[in-house]
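*Asks:* Below is the structure, and that's it, no one-letter string:
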């Protein structure tokens, strides 16, 4: 992690639809971004705390885009934390797997022309995944946490956090809904990024109505 440092700049109470959280705003000394951390309950440094390390996705988290599963993963993570005695959600400001919003939207246009999410990033001259998790590791350590039950489908995230001194004692899966608009994206996550998803076991829904219940054929 080199000379990277994180600093908690401000903390406040945040009542939400999932209950009352303590909200912390951290900054990092390298990219100088503002990262958010929601904490539920009194954290026990001796236990493995239910944790989600979530990378910012404006289109999915805020606008409800069905091109990805980010917004649904965020909602599921908050729901799981709400049902737990203690939990942490770290919201890292690294949009579009680290390439930023503008480049992510450019990648969307390439995907509409037939490239998958990996090919689109590479075609724009970016890494397949430019995200970093050292900031999350330092935030967890600042909170006194070194052992987590991590909500993720991404094996690389577990590998990186453990290499940074965070012990992942359990993986908690987040299972997305498959829509016609995100089917190719989820398939790429499995085939190109090795995510732990069984497409045949996921719920399928139509996009005809909000939260649609119509069944779509499996890929």
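*Replies:* Yep, that arrived. Everything numeric in this text was worked out from a predicted model, so none of it was measured.

*Asks:* quick one: the most centrally placed residue in the chain from residue 125, how far?
*Replies:* Note on the chain: the residue nearest the mean C-alpha position is residue 54, at 2.8 Å, using C-alpha atoms, centre = their mean. As defined by C-beta to C-beta, to the nearest Å, residue 54 lies at a distance of 26 Å from residue 125. All C-beta spots, glycine's among them, are computed from the backbone N, C-alpha and C.

*Asks:* next one: residue 138
*Replies:* As defined by C-beta to C-beta, residue 138 lies at a distance of 29 Å from residue 125.

*Asks:* These two: which has the busier surroundings?
*Replies:* A count of neighbours by other C-beta atoms under 10 Å puts residue 138 above the other of residue 138 and residue 125, at 21 against 8.

*Asks:* buried stuff in the helix or strand bottoming out on mean pLDDT in the chain?
*Replies:* Least confident helix or strand, the chain: helix 183-191 with a mean of 88, by mean pLDDT, DSSP states H and E. Neighbour-count burial for helix 183-191 flags 183, 185, 186, 187, 188, 189 (criterion: 16 or more other C-beta atoms under 10 Å).

*Asks:* same check, this time on stretch 99-114
*Replies:* Neighbour-count burial for stretch 99-114 flags 99, 103, 104, 106, 107, 108, 110, 111 (criterion: 16+ other C-beta under 10 Å).

*Asks:* can I assume the second one sits in a strand?
*Replies:* Okay, so that is residue 103. No - under DSSP: H, G, I helix; E, B strand; the rest coil, residue 103 sits outside any strand and is assigned helix.

*Asks:* now it: how far from residue 97?
*Replies:* In this structure, residue 103 and residue 97 are separated by 10 Å, where distance is defined by C-beta to C-beta.

*Asks:* which stretches of the chain form helices?
*Replies:* If you assign secondary structure with DSSP state H, the helices in the chain sit at 70-82, 95-98, 101-112, 117-123, 134-142, 155-163, 183-191.

*Asks:* how's the protein carved up into domains?
*Replies:* The chain breaks down by automatic domain parsing into domains covering 6-94+131-174, 100-127, 181-219.
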